[in-house]
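Asks: Based on what follows, work out the 3D shape:
(chains A and B)
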Amino acid sequence: AQSVTQLDSQVPVFEEAPVELRCNYSSSVSVYLFWYVQYPNQGLQLLLKYLSGSTLVKGINGFEAEFNKSQTSFHLRKPSVHISDTAEYFCAVTHFTGGFKTIFGAGTRLFVKA
Amino acid sequence: GAVVSQHPSWVICKSGTSVKIECRSLDFQATTMFWYRQFPKQSLMLMATSNEGSKATYEQGVEKDKFLINHASLTLSTLTVTSAHPEDSSFYICSARDPGSSSEAFFGQGTRLTVV
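Replies: Now for the predicted structure:
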């Protein structure tokens, strides 16, 4: 079965500290990988995506992620977080078969403290 | 990137009434659209996949008679919540797949449905 696992439901971190939000997936076919951010009572905003090519992907707001095929991971990182980064972060996987459905992880709540 | 517009952004309705939510792809033709539901503080759960000109495919546990999906054109899919009840209150998000853009899906801004 195809699935997406976000290993941390909540990540508290101090402002200007680095952060890593973890994401692992399982799939028997090729995938596209995404990270989205959702602020309270708002829709999804795409942070970055991996479709092909370089495994290190840079996104908006200083975020980056690295696709590791052998470990089936796509962890999100930022070297220095801001208070404004406090939000819910979702890892998502689109599978090449089954109609290109996009499946979401459970989400990680990033809480940046002053 | 491609733009997907969802309307309305929020709606309040009375129990027993039906509500229609529209999802439009503004600058591309979407052969496939997806509908998701998000409960408070939870993730997005795929409800159904709609293909233009054919019946929608529903995920396990989703009542197709409750959540009617129509995808009559390449730029519009609608989700109708029939005989809505308070437990149907949720955040509904659509996405549309752009075949011309590496098959990436683009998301609407979501619709907050409150049934009173």
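
Asks: CA only for contacts and neighbour counts going forward, please
Replies: Fine.

Asks: Can you name the residues bridging to B:I69?
Replies: Following DSSP bridges, B:I69 is listed with bridge partners B:L79.

Asks: give the contact list for it.
Replies: For B:I69, the residues meeting the contact criterion (CA atoms under 8 Å, 6 or more residues apart in numbering or on different chains) are B:50, B:55-56, B:77-80.

Asks: what about residue 91, which helix or strand?
Replies: Looking at chain A here, since you left the chain open. In this structure, A:C91 is located in strand A:87-95 according to DSSP states H and E.

Asks: could you do chain B instead?
Replies: Taking DSSP H and E as the definition, B:F91 sits inside strand B:90-97.

Asks: So A:S54, which state does it fall into?
Replies: Using DSSP: H, G, I helix; E, B strand; the rest coil as the criterion, the local structure at A:S54 reads coil.

Asks: and B:S15, what pLDDT?
Replies: Per-residue pLDDT puts B:S15 at 97.

Asks: So what's the residue count around it?
Replies: For B:S15, the neighbour count with other CA atoms under 10 Å in any protein chain shown is 16.

Asks: looking at this, it is in a strand?
Replies: No: applying three-state DSSP, one finds B:S15 to be coil, outside a strand.

Asks: what about the closest residue to it other than its chain neighbours, neighbour count?
Replies: Beyond its immediate neighbours in the sequence, the residue positioned closest to B:S15 (CA to CA, 6 or more residues apart in numbering or on different chains) is B:H85, lying 4.9 Å away. Here the neighbour count serves as a burial measure; for B:H85 (other CA under 10 Å) it reads 17.

Asks: Show me where chain B has its strands.
Replies: B:4-7, B:10-13, B:19-25, B:32-38, B:44-51, B:57-58, B:67-73, B:76-81, B:90-97, B:105-107, B:111-115 (DSSP state E).

Asks: if we can go back for a sec, how about the residue nearest to B:S15, what does it touch?
Replies: The neighbours of B:H85, taking CA under 8 Å, 6+ apart as the test, are B:14-16, B:115-116.

Asks: Next: A:A114.
Replies: For A:A114, the contacting residues are A:14-15, A:83, by CA under 8 Å, 6+ apart.

Asks: swap in A:N24?
Replies: Under the criterion of CA under 8 Å, 6+ apart, the neighbours of A:N24 are A:4-7, A:71-75.

Asks: Now, these that are in strands?
Replies: Checked against DSSP E, the contacts of A:N24 include these in strands: A:4-5, A:73-75.

Asks: out of these, which one sits closest to B:H71?
Replies: The shortest separation between B:H71 and any of these is 28.1 Å, and it belongs to A:V4 (by CA to CA).

Asks: quick one: the residue lying closest to that closest one once chain neighbours are set aside from B:I93, how far?
Replies: Leaving aside its chain neighbours, A:V4 sits nearest to A:Y25 (4.4 Å; criterion: CA to CA, 6+ apart). For A:Y25, the distance to B:I93 equals 22 Å [CA to CA, to the nearest Å].

Asks: Repeat that for B:L68.
Replies: Here the criterion is CA to CA. By it, B:L68 lies 15 Å from B:I93.

Asks: Check A:V29 too.
Replies: If you go by CA to CA, the gap between A:V29 and B:I93 works out to 26 Å.

Asks: Between those two, which is the more surrounded one?
Replies: It is B:I93, of A:V29 and B:I93, that has more neighbours when counted by other CA under 10 Å, with 26 against 9.

Asks: Right, I'll call it a day here.
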